[in-house]
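> Everything below, folded, please.
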Amino acid sequence: MMKKNRNLQTNRPSKGNALLCALLMVVFIISCSVTITLQYKGIYRRDLRTLHIPEENRMTEAQVLRNYDVLISYLSIGGPKTLQFSDFPMSESGRAHFQEVRRIFLGFAWAALGAFVLLIPMLVFTIRKRAFLWLKYAGIFTMALPFCMGIAFAAAWDQIFILFHRMVFHNEFWLFDPMTDPVIEILPDTFFLHSAVFMMACICGAGALCLLLYLILRKKRGQYHLPS
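Model (predicted):
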């Protein structure tokens with residue numbers, strides 16, 4: 001029996017392969033969560049009313065949503081390459097900032113697609129070998145990340161928000177002047193906070209699903225004496 005177990009272990013993927021597969025899964029989960037958060041408009045529609053965005057800007061709800069939809073389309077794969085709001089003027093610095101934001105969101109979208117393509121053969125390989133340790137690694141990391149970031153958001157959201165922009169953008173174009181770029185008035189900081197919370201929830205949920213699948217598959221195999 002012991003000899004058979006050793007042979008099974010030697011025929012199984014290494015922990016290095018498990019870590020690589022887990023890393024690709026983490027990239028996929030994070031990139032997907034960012035893209036889903038961008039495309040999910042329920043958060044903005046809720047904040048539109050609770051934060052009284054149309055009233056604060058003397059606009060109708062339809063006007064605000066029309067301009068928001070223009071922005072989301074511009075930040076998405078297949079969207080227009082030029083940003084032109086229907087109800088807002090835009091400065092050159094504002095246009096340059098949105099171009100940078102577009103590159104970031106498109107980067108996440110393509111990263112999700114790339115990670116998915118690379119994951120397919122690795123998933124087939126690990127499933128055939130009945131080795132599911134990568135699910136454990138991916139689940140732990142994706143559960144830990146939202147937990148740590150959630151603590152940071154709760155402790156100092158304003159400071160984290162500013163620090164994030166200073167790290168990601170190498171200029172100060174993100175400091176909008178409402179006089180030249182009034183679109184910033186329909187994008188309050190609270191909306192970004194709610195979006196960040198939603199994104200962390202997506203990541204955490206995917207991590208929990210990875211851990212749950214790992215436990216189910218490990219139990220189904222009934223081989224607790226072997227690494228999974």
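
> just for this protein, where's the confidence low?
1-14, 221-228 (pLDDT under 70).

> so which strand or helix has residue 105?
Using DSSP states H and E, residue 105 falls within helix 92-128.

> okay, the angle between the very next helix or strand once past that helix and helix 92-128?
Toward the C-terminus, helix 92-128 is succeeded by helix 133-168 as the next helix or strand (DSSP H and E). Angle between the axes of helix 133-168 and helix 92-128 is 170 degrees (criterion: axes from the mean of the first three to the mean of the last three CA atoms, to 10 degrees).

> and helix 133-168, what other elements does it pack with?
On a contact count with 3 or more CB pairs under 8 Å, 6 or more residues apart in numbering; DSSP states H and E, helix 133-168 meets helix 15-39, helix 189-221. C-beta coordinates here come from the backbone N, C-alpha and C atoms, glycine included.

> excluding its backbone neighbours, what's nearest the spatially most central residue of the chain?
In the chain, the centroid-proximal residue (CA atoms, centre = their mean) is residue 34; its distance is 2.5 Å. The shortest distance from residue 34 to any non-neighbouring residue, by CB to CB, 6 or more residues apart in numbering, is to residue 108 (4.3 Å).

> sorry, back to before: ok, which of the helices and strands packed on helix 133-168 comes nearest residue 67?
helix 189-221 (13.6 Å; CB to CB).

> I figured residue 65 was touching residue 45, is that so?
Yes: because the distance of 7.5 Å satisfies CB atoms under 8 Å, residue 65 is recorded as touching residue 45.

> Of those two, give the one with the bigger neighbour count.
Comparing residue 65 with residue 45 by other CB atoms under 10 Å, the one with more neighbours is residue 65, at 18 against 14.

> Return the residues in contact with the residue nearest to residue 34.
Taking CB atoms under 8 Å, 6 or more residues apart in numbering, we find residue 108 in contact with 30-31, 34-35.

> Who wins on neighbours among those?
Counting neighbours by other CB under 10 Å, residue 35 leads those with 23 neighbours.

> Would you mind finding the most buried of the helices and strands packed on helix 133-168?
Ranked by mean neighbour count, the helices and strands packed on helix 133-168 are led by helix 15-39 with a mean of 19 (mean count of other CB atoms under 10 Å).

> chain center to that helix, what's the gap?
9 Å (CA atoms, centre = their mean, to the nearest Å).

> Can you check what angle separates the following helix or strand past it from helix 15-39?
For helix 15-39, the following helix or strand on the C-terminal side (DSSP H and E) is helix 42-50. Helix 42-50 runs at 40 degrees relative to helix 15-39, counting by the same axes, to 10 degrees.
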